[in-house]
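*Asks:* For reference, the sequence and a predicted model appear below.
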Amino acid sequence: MICLREIYEEELELIMRWRTREDITKFMYTDPVLTIEKQRAWYEKNKFDNANIHLIIESDTVPIGLLSVTDIDRKNNRCSWGYYIADKDKRNLKLALTIEWNLYDYVFYELKLNKLTGELFKFNKAVIRLHQMCGSVIEGERKEHILKNGKYYDIVEMGICKADWERMRKKYKYDRIEIKRNV
């Protein structure tokens, strides 16, 4: 059973290990040098941050990844998102589709936002295709937009609006994921 839930403070070292793994940072804009002190500061800052939500992805009570809804903009009713599955044995298309479709429901019906956006490195073709399968569209590209490790990378901007999701969601059958937040 999959669920999304709040992060526990005792998981900060696990998240730090995930976040510094090359197979995860390869697809992120930064390669952070983290310490447990930096992790605790991040955790404390985000506990009361209304613009960012960070949730553990859990499979049968075992943490397997992290999902973030960021830059929540209540004026324009939009936000961004990203996630990773750290447990390589759990990575599969069904899980990815289930997480994404449930996130759409959460953003549009629970958070009551109108648009969900994301940016990806252009070389991350598998995830771009996954987002397209779920209903997101490519809205633009930015050439040489991110400088990482001395090299410039192009990014792809993607998004989906609530009205588009409402038209599409009837076509999909997917397991519902419980999202546990202390709000």
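*Replies:* Perfect, thanks for sending it.
*Asks:* show me where this structure has helices.
*Replies:* 12-19, 22-25, 36-47, 93-105, 125-134, 162-168 (DSSP state H).
*Asks:* Which among the ones you listed is found nearest to I2?
*Replies:* Proximity to I2 (Cβ to Cβ) singles out helix 93-105 among the helices of the chain, at 6.4 Å. Bear in mind the C-beta positions are built from the backbone N, C-alpha and C, glycine included.
*Asks:* Find the least confident helix or strand in this protein, judged by mean pLDDT.
*Replies:* helix 36-47 (a mean of 88; mean pLDDT, DSSP states H and E).
*Asks:* Can you list the buried residues in it?
*Replies:* 39, 42-43 (16 or more other Cβ atoms under 10 Å).
*Asks:* Return the closest of the residues you listed with respect to L12.
*Replies:* Q39 (4.2 Å).
*Asks:* Show the pLDDT at the residue located most distally from the centre of the chain.
*Replies:* Largest separation from the mean C-alpha position in the chain: G150, at 25.5 Å (Cα atoms, centre = their mean). G150 carries a pLDDT score of 94 in this model.
*Asks:* For M16, see how far away it is.
*Replies:* 24 Å (Cβ to Cβ, to the nearest Å).
*Asks:* Spit out the contact partners of I15.
*Replies:* By Cβ atoms under 8 Å, 6 or more residues apart in numbering, the residues touching I15 are 7, 39, 66.
*Asks:* right, and out of those residues, which lies closest to N92?
*Replies:* Using Cβ to Cβ, the contacts of I15 come closest to N92 at L66, 17.3 Å.
*Asks:* May I have the phi/psi pair for N149?
*Replies:* Backbone geometry at N149, expressed as degrees, to the nearest 10, gives phi 50, psi 40.
*Asks:* Chain neighbours aside, what residue packs nearest to it?
*Replies:* Nearest non-adjacent residue to N149, counting by Cβ to Cβ, 6 or more residues apart in numbering: D31, 6.8 Å away.
*Asks:* Now render the helices of the chain as CSV, adding distance to E178.
*Replies:* Formatted as CSV, the helices of the chain follow (distance: least, Cβ to Cβ, whole Å):
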stretch, distance to E178
helix 12-19, 20
helix 22-25, 24
helix 36-47, 21
helix 93-105, 9
helix 125-134, 20
helix 162-168, 20
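*Asks:* so which of these comes closest to L113?
*Replies:* Counting by Cβ to Cβ, L113 lies closest to helix 162-168 out of the helices of the chain; the figure is 7.4 Å.
*Asks:* List the contacts of the nearest residue to R5 once chain neighbours are set aside.
*Replies:* Distance criterion Cβ to Cβ, 6+ apart; nearest residue to R5, sequence neighbours excluded, is K180 at 4.1 Å. Residues near K180 by Cβ under 8 Å, 6+ apart: 3-6.
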